[in-house]
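Colleague: A predicted structure for the sequence below; I have some questions about it.
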Amino acid sequence: MSVDALQEALRGEMYVADRGLAMSVYLALQLGRPLFLEGEAGVGKTEVARALSSALNARLIRLQCYEGLDVSQAVYEWNYSRQLLHLRLLEASGDVDRQAAERELFSEEFLIKRPLLQSLEGGDRKVLLIDELDRADEEFEGYLLEMLSDFQITVPEVGTYTAETRPVVVITSNRTREIHDALKRRCLYYWIDYPDLDKETQIVRSKAPGASQRLAGQVTAFVQELRGAELYKVPGVAETLDWTAALVSLNTEALTPEVIDETLGVMLKYREDVQNVRGEQTRALLARAQNRGAGRGGRRG
Amino acid sequence: MASAVEGQMLPNLLLFGRLLRRLGLDVHAGRMLDAVSVLEDIGLQRRGDVHAALRTLLVHRREDLPVFDEAFSVFWRQRKDQTFTMDLRSMGEQRRYRYVEAGPPPLGQPSDAVGAGVDEAEEGGDRIDITRTYSAREVLQSKDFSEFSPSEVAQARLFMASMAWDPGTRRSRRLVRGDGHALDLRRTLRDNAQYGGELLKLRHRRRKEKPRKLVVICDVSGSMERYTRMLLHFIHSLYGGLNGQVEAFLFATRLTRVTKQLQHRDIDQAVGDVAKAVPDWSGGTRIGAALKEFNFTWARRTLGWGSIVLVVSDGWDRGEPELLGREMERLQRSARRLIWLSPLAGGAHYEPLTQGLRAATPYIDDLLPVHNLAALMDLARHLNALSSGTPERRQRPTAVEADASEPEAAAPGQRSWHRDANPTFRHPLWGRGE
């Protein structure tokens, strides 16, 4: 598969990827290295993995990170209730060889496989998504470092699992903290920025087919202007899509300052931001957005 | 295609890698090897693709992306294309030029330095006099930083390095073996297997304690000049004492993050690096703007885990007090505790009257002095006492018991209004004038 073909395939999965991002994904596949995606919340980092797994016809295995994430949630866990039951049954049936019983208890039969271990199993192709790694703590990063270097996991009681087919690994981070360089160095790195007007319009058109072309254009032009305003939390593409959906469900045909003010909460998640934008600034932003739209239209025509 | 890389390309690629490293990028040797094989694969026809490929391979920090782009455009320019913005050598040079002229003010007057040196040699002699040494330390502890001679700075540095800092711990979500409430099923089962499924001995896990992070935002504007040098030493000793659990920012008119520069163990090297990084030493003060920049750009990345924030400033602010108030309010809400340190707060009759501090006061959890070593010791004690309990914030500062009238000559550590530093600490000067 070439870079162009990959870009096309992603587009087929409704993901509009820049050439740069397509190149990063392509190289991650070619070199078999993890892809580390950073960017603000809501720019479509997770979507990359989803689209990629569909495009490759591979299974998507997702690990959502959180503080305190440990081996029992990320890698494997023993099925304690089944183990207990098994023990009782053995006991009830009379004479038991204790050592054999213990060996049996900690065998693969009682192992619950969590995402990381799942991603090493079986010969089929898989995409392993490690989502929002910045939410996990450093201890987990250390573990990941080990696993990603040789794609194997050891369960002391059972043995070592080595990947038959290496999963395609996509790691995302919202950058609420710095991820250690040691880990990032092992990955291909791509910073996903907010899309430009053209790209965002394409995204809205493909993801929110309910919106008219006119509305989609107005919405994206406004959001683009809004991102330039002074905000604590800049709306991402996810917010644009939510807002479009909200507007469509309100049967909005064209943006007006009133409609925007009423629905601003869909995009802005801080009270200060809403207060700051509502009213006068809404009007100003809308006027600028309309000018921009008009300018583009004029040039095209 | 292979020949393309083998010919001129390979040496150039290696050269490019070296250039990037020199520009401060963390280029991994393994990624350079990847780059060679990748260029063989994708070829050199499309300049944009070569750029994208090298970019994703050789850069892994967002802040390095612009440097890479510039270096790429200069290094891989076509002969006929003369549109690049600057000569490559000038990129390296320019930094050096810009940095050398700026820097923290030198400490004390040269004459002062000589005098102090002589004094000490004469009086100290070779005798070991314990009482004198002790009282000398006492004097040093209560001496204002701005009056330090270089030799005193050196002593103070040693003293600071020996201080124990502990901003407390927070309970993380990670579970470890211990006497907690969570059942450790794995160990329980293993330890009880011999009893045939009867769980006779229960094993537990508890939440792991992690050290809290400290974020220091320090004013280095003109009015703070006399304290700057010592405060840098203070921040560096904090960094060392807390095993790097510190984020540090300096500001005058703009905010600069200096955490990376502090990583040097050698303090002179670290201070030197910090000096190079800050573009606006001794400029005017715009505290509000600096805090705003912090809130917008850094708060989300540094305050996520119950951090304690120290703002170090005398409160002389040339910006709008409204802005400062607004940003302080926000900062207080995102910090576990917001402590303001002012070198002026040391005097007994000090009142936070500077315009900036007045605007900020309602949002400060603790206002503490930072003018001498005794004040630092008090700060350390105060932080230690914070470990337990949640900060108590009131909607409006209120007056407290009037035990604030202790004479200024109080011995170090006995300053009444923060001797018993505790989580419910309130500054007695709040609301004093009401």
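Modeller: Looks like it arrived, so ask away.

Colleague: quick one: name the residues of the stretch 201-350 of chain B near chain A.
Modeller: Contact residues (CB under 8 Å from any CB of the partner chain) of the stretch 201-350 of chain B with chain A: B:210, B:295, B:296, B:300, B:301, B:302, B:304, B:330. Every residue, glycine included, has its C-beta placed from N, CA and C.

Colleague: neighbours of the residue in chain A positioned nearest to chain B, how many?
Modeller: Closest approach of chain A to chain B (CB to the nearest CB) occurs at residue A:68, with a separation of 2.9 Å. The tally of other residues near residue A:68 (other CB atoms under 10 Å in any protein chain shown) stands at 17.

Colleague: bridging residues for residue B:207?
Modeller: residue B:175 (DSSP bridges).

Colleague: could you measure it against residue A:193, distance?
Modeller: 38 Å (CB to CB, to the nearest Å).

Colleague: got it, and residue A:9?
Modeller: Counting by CB to CB - residue A:9 and residue A:193 are separated by 22 Å.

Colleague: compare neighbour counts for the two and give me the winner.
Modeller: Per other CB under 10 Å, whichever of residue A:9 and residue A:193 has more neighbours is residue A:9, with 19 against 15.

Colleague: residues making contact with whichever strand or helix holds the more buried one?
Modeller: Here residue A:9 sits within helix A:3-12, counting by DSSP states H and E. For helix A:3-12, the external contacting residues (CB atoms under 8 Å, 6 or more residues apart in numbering or on different chains) are A:1, A:16-17, A:19, A:22-23, A:25-26, A:29, A:48, A:51-52, A:55, B:42, B:49.

Colleague: just the buried ones from those residues, in PyMOL syntax?
Modeller: Of those, the buried ones go into a single PyMOL selection, burial set by 16 or more other CB atoms under 10 Å in any protein chain shown:
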select buried, (chain A and resi 16+17+22+23+25+26+48+51+52+55) or (chain B and resi 42+49)
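
Colleague: neighbour count and pLDDT for the residues of the stretch 201-350 of chain B next to chain A - can I get that in a markdown table?
Modeller: Rendered in a markdown table, the data for these read as follows (neighbours: other CB atoms under 10 Å in any protein chain shown; pLDDT from 0 to 100):
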| residue | neighbour count | pLDDT |
| --- | --- | --- |
| B:210 | 19 | 80 |
| B:295 | 20 | 91 |
| B:296 | 17 | 88 |
| B:300 | 18 | 83 |
| B:301 | 15 | 82 |
| B:302 | 24 | 85 |
| B:304 | 15 | 74 |
| B:330 | 20 | 89 |
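
Colleague: in a markdown table, list those residues along with secondary structure.
Modeller: What follows is these, written out as a markdown table (DSSP: H, G, I helix; E, B strand; the rest coil):
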| residue | secondary structure |
| --- | --- |
| B:210 | strand |
| B:295 | helix |
| B:296 | helix |
| B:300 | helix |
| B:301 | helix |
| B:302 | helix |
| B:304 | coil |
| B:330 | helix |
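
Colleague: just flag the most distant two among those.
Modeller: Across those, no pair lies farther apart than B:210 and B:296, at 26.7 Å, counting by CB to CB.

Colleague: give me every residue in the stretch 51-200 of chain A lying close to chain B.
Modeller: By the rule CB under 8 Å from any CB, the part of the stretch 51-200 of chain A lying against chain B is A:66-68, A:70, A:72, A:78, A:80, A:83-85, A:87-88, A:90-91, A:96, A:98, A:101-102, A:105, A:137, A:139, A:175-178, A:181, A:184-191.

Colleague: which members of the residues you listed are positioned in helices?
Modeller: Among these, the residues falling in helices (DSSP state H) are A:72, A:80, A:83-85, A:87-88, A:90-91, A:98, A:101-102, A:105, A:139, A:181, A:184-185.

Colleague: tell me the mean pLDDT for the helix or strand following the helix holding residue A:9?
Modeller: The helix or strand immediately downstream of helix A:3-12 is helix A:19-31, counting by DSSP H and E. Model confidence over helix A:19-31, given as mean pLDDT, is 95.

Colleague: ditto for stretch B:250-257
Modeller: Summarised as a single mean, pLDDT over stretch B:250-257 is 88.

Colleague: quick check: buried residues in it?
Modeller: B:250, B:251, B:252, B:255, B:256, B:257.

Colleague: contacts only, for the residue lying closest to the last one once chain neighbours are set aside.
Modeller: Looking back up the chat, that one is residue B:257. Once flanking residues are discounted, residue B:257 sits nearest to residue B:249: 5.4 Å by CB to CB, 6 or more residues apart in numbering or on different chains. Contacts for residue B:249 (CB under 8 Å, 6+ apart) come out as B:215, B:216, B:217, B:218, B:255, B:256, B:257, B:258, B:259, B:290, B:294, B:298.

Colleague: partners of the helix or strand containing residue B:249 in the sheet?
Modeller: Assigned by DSSP H and E, residue B:249 belongs to strand B:246-251. Strand B:246-251 has its sheet partners listed here by DSSP bridges as strand B:214-219 (parallel), strand B:255-257 (antiparallel).

Colleague: wait, what's in contact with the residue nearest to residue B:199 when sequence neighbours are not counted?
Modeller: Among residues not flanking residue B:199 along the chain, residue B:192 sits closest, at 5.0 Å (CB to CB, 6+ apart). By CB under 8 Å, 6+ apart, the contact set of residue B:192 is B:198, B:199, B:200, B:201.

Colleague: please apply the same query to residue A:269.
Modeller: Counting by CB under 8 Å, 6+ apart, residue A:269 touches residue A:233.

Colleague: from residue B:200, how far out is it?
Modeller: 51 Å.

Colleague: where along the chain do the strands fall?
Modeller: Going with chain A. For chain A, applying DSSP state E gives strands covering A:35-38, A:59-64, A:76-78, A:111-113, A:126-131, A:152-155, A:159-162, A:168-173, A:188-191.

Colleague: my question was about chain B, not that one.
Modeller: Using DSSP E, strands in chain B cover B:169-183, B:204-211, B:214-219, B:246-251, B:255-257, B:308-312, B:337-342, B:366-369.

Colleague: select, out of those, the one closest to residue B:71.
Modeller: strand B:255-257 (22.3 Å).

Colleague: residue contacts, the residue positioned nearest the centre of chain B?
Modeller: What sits nearest the mean C-alpha location of chain B, by CA atoms, centre = their mean, is residue B:248, with 1.7 Å. Going by CB under 8 Å, 6+ apart, residue B:248 touches B:215, B:216, B:217, B:218, B:235, B:239, B:257, B:258, B:259, B:262.

Colleague: just these now: which is nearest chain A?
Modeller: For the contacts of residue B:248, the nearest to chain A is residue B:259 (9.6 Å; CB to the nearest CB).

Colleague: just to check, the closest one is in contact with residue B:250?
Modeller: No: at 10.5 Å, residue B:259 does not count as touching residue B:250 under the criterion of CB atoms under 8 Å.

Colleague: spit out the residues that contact those two alike.
Modeller: Shared contacts of residue B:259 and residue B:250, defined by CB under 8 Å, 6+ apart, are not found at any residue.

Colleague: where does the residue of chain A closest to chain B land on pLDDT?
Modeller: Reading off the confidence values, residue A:68 has pLDDT 86.

Colleague: any idea how far residue A:160 is from it?
Modeller: Counting by CB to CB - residue A:68 and residue A:160 are separated by 26 Å.

Colleague: and residue A:152, by the same measure?
Modeller: 6 Å.

Colleague: tally of neighbours for residue 58?
Modeller: Going with chain A. 17.

Colleague: switch to chain B, that's the one I care about
Modeller: 26.

Colleague: do residue A:212 as well
Modeller: 12.
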